[in-house]
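J.: sequence unknown, structure follows:
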Ligand SMILES: Cc1cc2nc3c(=O)[nH]c(=O)nc-3n(C[C@H](O)[C@H](O)[C@H](O)COP(=O)(O)O)c2cc1C
């Protein structure tokens, strides 16, 4: 088993590194998968772009993907996990998880920056009518206002439980 990831601004990479530590499995960016791991079992982490998991199509041709962890800016919910599963067309044999990562417009470049300039006002509408206090406590609001990340091991609790169930022994699993 190997961990492969695609990260644009670093949040997904951080989750991959946490998993690497916890499961004692090597992690590689999708652009640099050693030949020895091609065709083998993989845990894949990809950032979410317009509802899709970046790199999933490519990795599913390269490796036997046992588990997908999508990292977006939307808060976690069972609906986000289900939507992600549908959007990527993962079969029932593939475990799918969705976790909240982070967002910082200052770290974006090129097309991604332009797309989010258009999309951000729509996301901001979610906060209309909320008190200042509520807004300032909301991670997604903080992401839009100056950048913020919620990346931490606790968001991977379900993934780690899946790893234990599937016999992936590591430091903590
Ligand atoms: C062009 C673009 C589209 C995005 N689309 C979504 C989306 O559909 N849903 C979501 O939850 N987050 C979306 N995001 C936010 C990223 O998925 C989020 O910032 C993620 O944590 C980035 O991971 P990274 O730091 O590893 O690149 C989008 C970000 C960009 C730049």
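T.: Okay, I see it. Here the structure is a predicted model, which means the values were calculated and not measured. Numbering: from 1, shown residues only.
J.: how about the residue positioned nearest the centre of the chain, secondary structure?
T.: Geometric centre of the chain, nearest residue: residue 71, 1.8 Å, by C-alpha atoms, centre = their mean. Here residue 71 is recorded as strand under DSSP: H, G, I helix; E, B strand; the rest coil.
J.: thought it was touching residue 44?
T.: No. At 10.9 Å, residue 71 does not count as touching residue 44 under the criterion of C-beta atoms under 8 Å. For glycine as for every other residue, the C-beta is placed from the backbone atoms N, C-alpha and C.
J.: what's the overlap in contacts for the two?
T.: Residues touching both residue 71 and residue 44 (C-beta atoms under 8 Å, 6 or more residues apart in numbering): there are none.
J.: pretty sure residue 129 belongs to a helix, no?
T.: No. Counting by three-state DSSP, residue 129 falls outside a helix, being coil.
J.: name the residues that touch the longest helix seen in the chain?
T.: Using DSSP state H, we find that the single longest helix of the chain is helix 110-125. For helix 110-125, the external contacting residues (C-beta under 8 Å, 6+ apart) are 8, 49-50, 73, 105, 108, 140, 144.
J.: hang on, the earlier thing: let me see the contact set for the residue nearest to the centre of the chain.
T.: Counted by C-beta under 8 Å, 6+ apart, residue 71 has contacts 7, 11-12, 15, 45-48, 99-101.
J.: who does it bridge with?
T.: Beta-bridge partners recorded for residue 71 (DSSP bridges): residue 47, residue 99.
J.: tell me how far residue 8 lies from residue 86.
T.: Distance, residue 8 to residue 86, using C-beta to C-beta, to the nearest Å: 23 Å.
J.: same question, residue 70
T.: 12 Å.
J.: okay, the two: which has more neighbours?
T.: More crowded of residue 70 and residue 86, by other C-beta atoms under 10 Å: residue 70, with 28 against 11.
J.: help me confirm that that one comes into contact with residue 48.
T.: Yes. If you go by C-beta under 8 Å, residue 70 and residue 48 touch, sitting 5.1 Å apart.
J.: shared neighbours, those two?
T.: Counting by C-beta under 8 Å, 6+ apart, the residues touching both residue 70 and residue 48 are 84, 98.
J.: surely residue 140 is in a helix?
T.: Yes. When classified by three-state DSSP, residue 140 is found to be part of a helix.
J.: ok, it - contacts?
T.: With C-beta under 8 Å, 6+ apart, residue 140 has these contacts: 73-75, 103, 123, 126.
J.: the ligand next: which of those are close?
T.: Contacts with the ligand are made by 73-74, 103 out of these, judged by C-beta under 6 Å from any ligand atom.
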